[in-house]
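Novice: using only what follows, build the 3D model:
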Amino acid sequence: MSLATTWSRSIGIEVPVVNAPMGGAAGGRLAAAVSAAGGLGMVGMGSSATADQLTAELAQIDGQRFGIGLVHWVAQDRPDLFEVALAARPALLSVSFGEDWAWVRRAHDAGVTVTTQVATVEAARRAVDAGVDVLVARGAEGGGHGEPTMGTLPLLAEVLDAVDVPVLAAGGISSSRAVAAVLAAGAAAAWVGTAFAACAEALTPAAARHALLAADGEATELTTEYDVAAGYRWPATIPERVLRGSPVNAGQGVGVVRRQAGAAEIVRSLADGAEQLLARWR
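Specialist: Now for the predicted structure:
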């Protein structure tokens, strides 16, 4: 059987797995490797992103389909960052954590498909009303920044019932079992972060990578401490999930990430395992 969904085929990928655009981890090398393996590789620009940084990461992508992920308030503060993202013509542009939707029309005018992360059904409806093409239902289990309002599966189920656009599932998805679960529920793809943050092609520093591989699933916490210390403009309602006592972003799926692997191996493992699980009910 094939895991491909209507949405994944529409953007030219056979494996409905997207690497989350994690600032500081998801660079051009990772995006290229994920896309070469059949998924959609995303370049992530985080709280300290600049246009020059994005340009440098995009230079590492050679012919593969790719996406770009931006933080809304960062893109507003640095309009040249958004311009570089549009000029790159990504297969998917993600802009999250904001309430101003003017960027959607600008992206559509440039012929770019857009998505945003949502944490509530109401937020999903607002995004669709603003013209967003694809949603990412991001559950509280996810690593990094997000509104910790609902678990991934309950949020995904409600969002799927509330909107008519494709919905990707994010939050705690680090294994083939989790991929199978969200695809069976109707997700158009799995948005995977922590598993790729620990992989060989990620920008993740060596010490942080080792910490991820050693951590158990209960070893994470929500905090705003590091954003406050760095002077970043994240609202208190959007903390980040990190390994307890550290600034290392990690989702609650970190406990199944036990060894460093290449991005291609991760994509294939997620896909093959999910296929085997879903074939039981074929």
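Novice: quick one, strands of the chain?
Specialist: According to DSSP state E, the chain carries its strands in the segments 17-19, 41-44, 66-71, 92-96, 114-118, 134-138, 144-145, 167-170, 189-192, 220-223, 240-243.
Novice: distance to A124, mean pLDDT and mean neighbour count added to these, as a markdown table?
Specialist: Placement of C-beta: from N, CA and C, glycine included. Shown next, in a markdown table, are the strands of the chain (distance: least, CB to CB, whole Å; pLDDT from 0 to 100; neighbours: other CB atoms under 10 Å):
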| stretch | distance to A124 | mean pLDDT | mean neighbour count |
| --- | --- | --- | --- |
| strand 17-19 | 18 | 98 | 31 |
| strand 41-44 | 20 | 98 | 29 |
| strand 66-71 | 18 | 98 | 27 |
| strand 92-96 | 12 | 98 | 24 |
| strand 114-118 | 5 | 98 | 25 |
| strand 134-138 | 6 | 98 | 28 |
| strand 144-145 | 18 | 98 | 24 |
| strand 167-170 | 8 | 98 | 29 |
| strand 189-192 | 14 | 98 | 28 |
| strand 220-223 | 22 | 98 | 18 |
| strand 240-243 | 21 | 98 | 23 |
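Novice: out of those strands, which comes closest to R29?
Specialist: Put simply, out of these the one that sits nearest R29 is strand 41-44, at 9.2 Å, with distance taken as CB to CB.
Novice: which strands and helices lie in contact with that closest one?
Specialist: Counting contacts by 3 or more CB pairs under 8 Å, 6 or more residues apart in numbering; DSSP states H and E, strand 41-44 packs against strand 17-19, helix 28-36, helix 51-58, strand 66-71.
Novice: so which of those comes closest to G44?
Specialist: In this view, the helices and strands packed on strand 41-44 are compared for proximity to G44 by CB to CB, and strand 66-71 is the closest at 4.6 Å.
Novice: what strands line up against that closest one, and which way round?
Specialist: Listed by DSSP bridges, the sheet partners of strand 66-71 and their directions read strand 41-44 (parallel), strand 92-96 (parallel).
Novice: between the last one and strand 134-138, how big is the angle?
Specialist: Same thing as strand 92-96. Direction vectors for strand 92-96 and strand 134-138, defined by axes from the mean of the first three to the mean of the last three CA atoms, to 10 degrees, enclose an angle of 50 degrees.
Novice: show me the contact partners of strand 92-96.
Specialist: Under the contact criterion CB atoms under 8 Å, 6 or more residues apart in numbering, strand 92-96 has outside partners 11, 18, 21, 40, 42, 67-72, 75, 82, 85-86, 103, 107, 112-117, 134, 136.
Novice: coming back round to it: could I get the helices and strands packed on strand 41-44 as CSV with distance to G273?
Specialist: Compiled in CSV, the helices and strands packed on strand 41-44 are given as follows (distance: least, CB to CB, whole Å):
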stretch, distance to G273
strand 17-19, 11
helix 28-36, 17
helix 51-58, 29
strand 66-71, 24
